Each structure stands twice: as C-alpha cells, then as structure tokens.
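Asker: Okay, predicted coordinates and the sequence, questions at the end:
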Amino acid sequence: MDTQAIVGLLKIIIMLFLFMIVGFIARKTGIINDTASKNLSKLVLAIGQPMMIVAALMGTECSWENLGQGGIIVAIGFGLHIFMAAYAFVACIKFKDLDERKITEFALVFTNCGFIGLPIYEALFKNVGDFGRFWGAFYIISFNVFLWTWGIAILARKRKDIKLTAKKILLNYGTVPSAVGILIYILLINVPGLYGSFAYDCVYGFCNSLGNLCTPISVLITGALLATRTPKQIFGSPKVYYLCLQKLIIMPLLICLIMKLLGFGPHYIIFAVAATAMPTAASASMLSELYDICPGYGSQAVGTSSLLSMASLPLVMLIAQAIVAL
C-alpha cells in the first residue's frame, strides 16, 4: 500500500462523510423519515447488495487461479470471524445488561464489510491489481455464514422466539448471490470468449449499476440514523466509546500483529485489517429493531462507529502499513 493508495482511501472517506452529512440533513428536513429509511434499507438489502456481490465476482479476469485466491479469502474470512467472535465474547463479559451485551458483542464481530468495505478495498489495491472488490465479495461469503449462524445465536440467548434455522443459514441475501456469482464466474472460465462479450457487458453493467446504489444509500441511511439521536447519545456514551475503541482500533491492529507473526503476505494483512476496521454492520441496527433488543443502542452503535471510523480507518491503515514493513 503506497502513498497513492492512502490518498485514494482518504478520498473515499471524505466522500462517505459527505454522504453521511446529506443523510443527516435529509432526516432533519423530513426528506427521509422512518418509512423511507426502512424502505431504503430493504432496497439495499434485497436488491443492491445481491447485485453488488455478483458484480464484484464478475468484475475480475476469469481464471481458476483467481477463483483459488477467492477460496483463500473465504478461509481467511472464517478465521477472522472466529477470532473476532472469541474476542468479542471476552470483551463483553463485564456487561451486566444482557441485551446491551448482546448488541455490543454482535457489533464487535460484524463489520460493514460490503456497503462501505468494497469501495475502500478497491481504493487500497487499485495500484497493485484489480482484486480489491473481488476479494471483498469472497470475504462477504464468510460474513454472511457467520451472520446467520453465530450472529443469530448471539441475539437468541435467553429468547425462545429467535430461532436459528437451516433456511436462514443457507438462503439469505448474502449466500444466494454469492453462489450465483461464483456459478457465473465458473461459466465465464469454461466458455472462451464470453468474458468481455456483448452479453457479458450487458449483464455486468446491469448488476454493477444496481450494486453501486449500496454505498451512497447505506451511508445516507446511517447519516439519517445519527439525526435521530441527541449529541449526548452520539458522543457521551462510555459503552459506545468502549465498543468503538475495541472495534475500530485495538482488534484490527491485534489481527495485523498476529497475521504478521504467522507469516501472511502484506496484501492479505492489509486486506484483513481493512475488513475488520470497518464500522459496525447496518445489520446490528436492523436486527436489534426487528427483535426489539435495545434498538436505540443498536442504532447508536452503527451510527457512532460509522462516524468515528472516518478518522480511525486512515490511522489504523497507516499503522498497519508500518507493521507490515517491519
């Protein structure tokens, strides 16, 4: 990761910050209300995210070697989520309120690795190869597997009405498009001339255009979410600061050190740090509202971590670069 990559990262961060401001203003002026926010969330979840995943998988030159790289990223993703799950469990033991503990633990494990993550991966690796979004799409596979297994298990503690089912694990808005994208990718490998053809350009352009809705809309919603909280709620909660310190700084840098000691290559380390240093996934606020588990705290975790990540992410990436260079 060179200076130009850092500049690219800062450009993305500034753009996301401006999107957040627009969302904040839109909520304050009534352009975005509760109904609009929920409908936009559904639009991103049901249409934007699946198309974003498929487009990310289609957007890299097709080869078995690249597909093998994707498999490595899935394996790394599983390893990272297992580590974050163990870390979060220990970090939240001292919480006395069960619901707050569940939301904090969930928020520590699951990051916004898709909507915000994909454009940032692309910026970080733009000058060394066109694989940032491609790796990100495979990382999302591990994210969704853990979200619909361990994530639901966290929220289901002492709740009989929340059940972990095989259907939720296998059929969701992350695993299905991932499977479709991989099947299309294998088809492109096995059919010479299909990659870059007229049909390919049409399908890829369609998926990519819809997928591009995710980042601006999801960050607009985050800004609107912040507008529903008071300044004291956003900036005055020790619990949220504890969450953000662990999530945005300590945990990704610890992962960086561990991977460095284990001998991982620099690109893998930088990618892993970026993926784990993202703010809390929007799923935390949506699921906390759906299951009535401290919905205000869930929204605060997403909004505040998103806001603070604008400053913490460039800093963490610079420190990670220095560690990698040792």
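Answerer: Arrived safely. Numbering: from 1, shown residues only.
Asker: okay, CA-based contacts and neighbour counts for the rest of this
Answerer: Fine.
Asker: contacting residues around stretch 19-33?
Answerer: If you take CA atoms under 8 Å, 6 or more residues apart in numbering as the criterion, stretch 19-33 is touched by P216, V219, L220, I221, T222, G223, A224, L225, L226, A227, T228.
Asker: And for V219, nearest residue in space, chain neighbours not counted?
Answerer: M20 (5.5 Å; CA to CA, 6 or more residues apart in numbering).
Asker: Around that neighbour, how many other residues sit close by?
Answerer: Neighbour count for M20, taken as other CA atoms under 10 Å: 27.
Asker: do M286 as well
Answerer: Per other CA under 10 Å, the neighbour tally for M286 reads 18.
Asker: For it, report the pLDDT, please.
Answerer: Looking at M286, its pLDDT reads 77.
Asker: Could you do the one 10 residues further on as well?
Answerer: Taken from the predicted model, the pLDDT recorded for G296 is 79.
Asker: Please report the distance of it from F146.
Answerer: Separation of G296 from F146 (CA to CA, to the nearest Å): 24 Å.
Asker: Those two - which one has more neighbours?
Answerer: Neighbours were counted for G296 and for F146 using other CA under 10 Å; F146 has more, 21 against 16.
Asker: Now do the contacts for the more buried one.
Answerer: Taking CA under 8 Å, 6+ apart, we find F146 in contact with H81.
Asker: so it, which of the three states?
Answerer: helix (DSSP: H, G, I helix; E, B strand; the rest coil).
Asker: Please renumber the chain so that the first residue is 30 from this point on.
Answerer: Taking 30 as the first residue, the last one we looked at is F175.
Asker: How much space separates it from T89?
Answerer: Relative to T89, F175 is positioned 25 Å away (CA to CA).
Asker: Now do the same for the residue nearest to the spatial centre of the chain: helix, strand or coil?
Answerer: Nearest residue to the geometric centre of the chain (CA atoms, centre = their mean): C142, 1.7 Å. Secondary structure state of C142, per three-state DSSP, is coil.
Asker: Isn't it up against G165?
Answerer: Yes: assessed by CA atoms under 8 Å, C142 is found in contact with G165 at 7.4 Å.
Asker: can you confirm A166 is in a helix?
Answerer: Yes: the assignment for A166 is a helix, going by three-state DSSP.
Asker: Name the nearest residue to it, sequence neighbours excluded.
Answerer: Distances taken as CA to CA, 6+ apart put I82 closest to A166, at 5.4 Å, once the chain neighbours are dropped.
Asker: Measure how buried the one you found is and give me the count.
Answerer: 32.
Asker: Could I get the contacting residues of it?
Answerer: Residues counted as contacts of I82 (CA under 8 Å, 6+ apart) are A166, G203, P206, S207, G210, G240.
Asker: which residue packs closest to F46, ignoring adjacent ones?
Answerer: F46 sits nearest to M339 (CA to CA, 6+ apart), 7.0 Å away.
Asker: per-residue confidence at the one you found?
Answerer: pLDDT, read off for M339, is 85.
Asker: which residues in the stretch 180-329 of the chain form helices?
Answerer: Along the stretch 180-329 of the chain, counting by DSSP state H, counting those that start in this stretch, helices occupy 181-184, 195-199, 204-219, 227-240, 243-255, 260-264, 267-274, 280-290, 295-305, 312-319, 324-353.
Asker: What number of residues are in the vicinity of G240?
Answerer: Using other CA under 10 Å, G240 has 22 other residues around it.
Asker: The residue nearest to it when sequence neighbours are not counted: helix or strand, and which one exactly?
Answerer: Excluding the flanking residues, the one nearest G240 by CA to CA, 6+ apart is M81, at 3.7 Å. Using DSSP states H and E, M81 sits in helix 78-87.
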